[in-house]
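K.L.:
sequence and predicted structure, then a few things I'm wondering about:
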Amino acid sequence: MRFLRHAAAVAGKDLRVELRTREVVTTMVFFAVVIVVISSFAFTDQIASVENTASGILWISVAFAGSLGLARAFDREREGSTMRGLLLSPADRGAIFLGKAASIALTMLLVEAVVVPLLAVFFGAPVDVRLPWLVSLLVLTTIAFSIVGSVFAGMLLPTRARAVLLPIALYPVLTPAFLAATKGTAAIWIGGKAGMAEADFWLKFLVVYDSLFLVASLWMFESLVLE
Amino acid sequence: MLKRALVLLCAAGAVVGFFILPDLVFEAPLAYNLFITQKIFYYHVPAAILLFTSAIVSGVASAGYLKTRRGGWDDVAAASAWLTVVFGAITLTTGPIWARPAWGVWWTWEARLTTALLLWLIFVAYGIVRRFGGPGSDRLAAGLAVFGSINVPLVYYSVNVWRTMHPTTNVIPTLRRDMLAPFLLGMLAYHLLFVVLLAARAAILRAERRVEDVHELALDAGLE
């Protein structure tokens, strides 16, 4: 009986803390809603074909894996207090930002090189057709992710609850890139004249997205990451 | 003094506006094929326009804050972000209520709806970051507001290519005159309300910031 009473006391304490701050519930609900919204872009197309489903799963897994990697890449700097060292070095803030973003982008590409073949194995996705197109799409979306992600992860460094706040801040802003990636991937796999025209559009859209956010990030990183 | 008088004048205007708006809306002719459901238009559209206005105000003020580091910019940005959430909630409630009878569905992934929803989510995230982020979260929130504002045309454009259903922007210029009057009054009342709420909220935030500053001064002086 004592065992259960103690468990109840701990649960009661936790729930009371939560009732007063509402931190965990708010962030959890918000995160869940954002995931539902992102998934709806990936899966609400008319036909639940292999192309559409596999492409949605590809990008949702990339988004999750990417935010894990981002958090680690910046937490490491924090644990060793090396971010301060970097910021004190004569290097331009923009260069620091670009370096962080590039390393994250390369790591993510490595992850994608593992995930994409898996889609062929588990879902029968035609990943080997029009491979150069798929690679360009992967690269452009990964650049978008690492640019926006590095800015937010850098900004989050001094704050509490980083692990929770990063995806919350990141996913809504990245939605257009993920929409373009999901639709573009499906279009490349479906192929044909219409499919390739669509893929071409999404690739160009991603180029615009990348350049816009790169400029904004270089402008902002300077004033955002101050220690 | 002048500022306070202006805000009070706006408040009075908003009260009068919202008081007579229902009458005008009631008097306005019924829409050809939507009948009574179209009446929500006079509340939905101004709220939706203010959702975007307040988001842009917040984005610009956040950029100003990041550049100058003056707390005043941050007060306006935070106040406007809060209003984005409020007007977004109104838009996203009245929208589906209207969409259900008009289109037969509560929700559709159309450019305008998706853009409004994402914008709203970004500013809800802004609120969460400020509420739970602790020290330093003001900058992250400012960055979020700036990125969020840049995002708006991109979301709109991308979803518009993907699929579309919502009425386009040519609805307002072609509105009948007897429908235009209540619409413009609604717009005016909503915008006055926006100014009043923005001023009030920014003043509260400024006061909070000052209390915090004084608190820190007191701590530095060893008074606590």
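P.N.:
It's in. Residues are numbered from 1 along each chain as shown, chains lettered A, B, ... in the order given.

K.L.:
does the helix ranked longest in chain A reach chain B?
P.N.:
Across chain A, the longest stretch assigned as helix under DSSP state H is helix A:192-224. Yes: with CB under 8 Å from any CB of the partner chain as the measure, helix A:192-224 is seen reaching chain B through A:201, A:205, A:208, A:209, A:212, A:213, A:216, A:220, A:223, A:224. From N, CA and C alone the C-beta is placed, and that goes for glycine too.

K.L.:
also stretch A:137-147?
P.N.:
No: Stretch A:137-147 lies apart from chain B when judged by CB under 8 Å from any CB; the minimum separation is 10.3 Å.

K.L.:
average pLDDT for that stretch?
P.N.:
Regarding stretch A:137-147, the rounded mean pLDDT is 94.

K.L.:
which stretch of helix or strand covers residue 16?
P.N.:
I'll assume chain A. Element membership of residue A:16, judged by DSSP states H and E, is helix A:2-21.

K.L.:
that's the wrong chain, I wanted chain B
P.N.:
With DSSP H and E as the test, residue B:16 turns up in helix B:2-27.

K.L.:
packing partners of that helix?
P.N.:
helix B:41-68, helix B:177-220 (3 or more CB pairs under 8 Å, 6 or more residues apart in numbering or on different chains; DSSP states H and E).

K.L.:
kindly compare burial across those helices and name the winner.
P.N.:
helix B:41-68 (a mean of 22; mean count of other CB atoms under 10 Å in any protein chain shown).

K.L.:
quick check: next helix or strand after that helix?
P.N.:
Helix B:41-68 is succeeded, C-terminally, by helix B:71-103 (DSSP H and E).

K.L.:
looking at chain A, which helix or strand does the model trust least?
P.N.:
The weakest-scoring helix or strand in chain A, judged by mean pLDDT, DSSP states H and E, is helix A:82-88 (a mean of 81).

K.L.:
so what pLDDT did residue 197 get?
P.N.:
Answering for chain A, as no chain was given. For residue A:197, the model assigns a pLDDT of 85.

K.L.:
not quite, I wanted chain B
P.N.:
So, for residue B:197, pLDDT stands at 87.

K.L.:
spatially nearest residue to it (excluding sequence neighbours)?
P.N.:
residue B:83 (5.8 Å; CB to CB, 6 or more residues apart in numbering or on different chains).

K.L.:
what does residue A:127 give?
P.N.:
Leaving aside its sequence neighbours, residue A:127 sits nearest to residue A:120 (CB to CB, 6+ apart; 4.5 Å).

K.L.:
could you measure from the one you found over to chain B?
P.N.:
Going from residue A:120 to chain B by CB to the nearest CB, to the nearest Å gives 26 Å.

K.L.:
that residue and residue A:131 touch, don't they?
P.N.:
No: with contact defined as CB atoms under 8 Å, residue A:120 does not count as touching residue A:131 (11.5 Å).

K.L.:
alongside chain A, which residues does chain B contribute?
P.N.:
Residues of chain B found near chain A (CB under 8 Å from any CB) are B:66-67, B:69, B:109, B:117-118, B:121-122, B:124-125, B:128-129, B:131-137, B:139-140, B:142-144, B:146-148, B:150-151, B:154-155, B:157-159, B:161-162.

K.L.:
now do 7 Å
P.N.:
B:66-67, B:109, B:117-118, B:121-122, B:124-125, B:128-129, B:132-137, B:139-140, B:143-144, B:146-148, B:150-151, B:154-155, B:158, B:161-162 (CB under 7 Å from any CB of the partner chain).
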